[in-house]
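Asker: this one's structure only:
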């Protein structure tokens with residue numbers, strides 16, 4: 001049994017016709033027919049029912065052809081992996097990014113990756129931190145970018161940048177004319193939050209809990225008004241239902257007419273953005289180039305580690 005025989009059998013299963021399968025494989029019909037018969041003899045099963053007008057799969061074929069497809073896919077992946085061993089900057093890199101970072105980092109990061117590693121396209125996934133960590137552990141992602149300093153076994157951590165939080169209010173809010181906001185002032189306001197599962201929600205709650213014990217906050221809108229994304233929260237603030245805390249990169253550099261954005265007075269709350277990969281991931285040069293691309297991305301409003 002060879003990969004070529006499997007490839008011919010899969011082509012026949014897809015086209016249901018010997019002539020069309022042979023054309024798809026760029027071989028003669030007798031060559032394909034002989035290879036399929038040889039595969040059936042090796043497996044000791046009949047994969048196809050040969051009709052005058054169409055070829056159909058037998059029950060055994062229905063079960064074995066999907067496995068043949070998987071074998072061919074794994075063989076292609078093995079070949080691609082071998083190629084990246086020779087040049088780790090060639091081939092796709094699977095990158096996961098949390099929801100509150102991806103929309104702001106990726107537009108800057110992708111051009112930098114294209115410049116520094118033109119043969120390394122990024123296969124991107126946005127998701128929650130816990131989901132991305134699970135996929136990294138299972139080998140479904142090669143690297144993830146998160147906003148927590150995670151100490152996970154069998155992973156390497158690359159600090160990328162420190163990002164300050166800012167206060168966002170409606171443009172006509174009493175705070176709008178202030179140059180900065182003391183963190184303790186949040187205790188007097190209704191702070192709009194992301195829905196549960198977003199790590200940035202946890203960051204803001206931790207900040208508010210340090211400043212304001214649970215009892216006085218029982219009437220706050222933080223418990224009843226939430227948004228599924230930072231964009232939604234921004235629109236809610238613009239409509240006048242409360243104030244919020246956002247990472248600096250979530251605010252357009254040119255400003256937004258319906259919003260007022262103020263920095264915190266010291267100590268300024270921040271989040272550390274890091275990249276994680278598995279310790280035994282074989283494309284170390286690709287990870288190093290990705291880290292370099294983040295730091296050369298030109299992302300505004302952050303302080304890159306190591307600079």
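Answerer: That came through fine. These figures come from a predicted structure and were not determined experimentally.

Asker: would you list the phi and psi of the residue of the chain positioned farthest from its centre?
Answerer: In the chain, counting by C-alpha atoms, centre = their mean, residue 52 sits farthest out from the average C-alpha position, at 49.3 Å. Phi and psi for residue 52, reported as degrees, to the nearest 10, are phi -70, psi -30.

Asker: please apply the same query to residue 33.
Answerer: Per-residue torsions, residue 33: phi -60, psi -40 (degrees, to the nearest 10).

Asker: which other helices and strands contact the longest strand seen in the chain?
Answerer: In the chain, assigned by DSSP state E, the strand with the most residues is strand 155-170. Secondary-structure packing of strand 155-170 (3 or more C-beta pairs under 8 Å, 6 or more residues apart in numbering; DSSP states H and E): helix 199-211, helix 230-238, strand 243-247, strand 259-263, strand 270-278, helix 284-295, strand 303-304. Heads up, the C-betas are built off the backbone N, CA and C, glycines and all.

Asker: out of those, which is closest to residue 30?
Answerer: helix 284-295 (45.3 Å; C-beta to C-beta).

Asker: off-centre distance for that closest one?
Answerer: Relative to its chain's centre, helix 284-295 lies at 16 Å (C-alpha atoms, centre = their mean, to the nearest Å).

Asker: quick check: which helices or strands does it pack against?
Answerer: For helix 284-295, the elements it packs on are strand 93-98, helix 102-116, strand 143-146, strand 155-170, strand 270-278, judged by 3+ C-beta pairs under 8 Å, 6+ apart.

Asker: now, of these, which is deepest in the fold?
Answerer: strand 143-146 (a mean of 24; mean count of other C-beta atoms under 10 Å).

Asker: list the helices and strands it packs on?
Answerer: On a contact count with 3+ C-beta pairs under 8 Å, 6+ apart, strand 143-146 meets strand 93-98, helix 129-137, strand 270-278, helix 284-295.

Asker: go again with 10 Å.
Answerer: strand 93-98, helix 102-116, strand 122-127, helix 129-137, strand 155-170, strand 270-278, helix 284-295 (3 or more C-beta pairs under 10 Å, 6 or more residues apart in numbering; DSSP states H and E).

Asker: where does pLDDT dip in this protein?
Answerer: 208-225, 253-255 (pLDDT under 70).

Asker: switch the cut-off to 80
Answerer: 52-53, 77, 80-86, 148-151, 187-188, 195-199, 202-228, 252-256, 266, 307 (pLDDT under 80).

Asker: what about residue 274, distance to residue 93?
Answerer: 17 Å (C-beta to C-beta, to the nearest Å).
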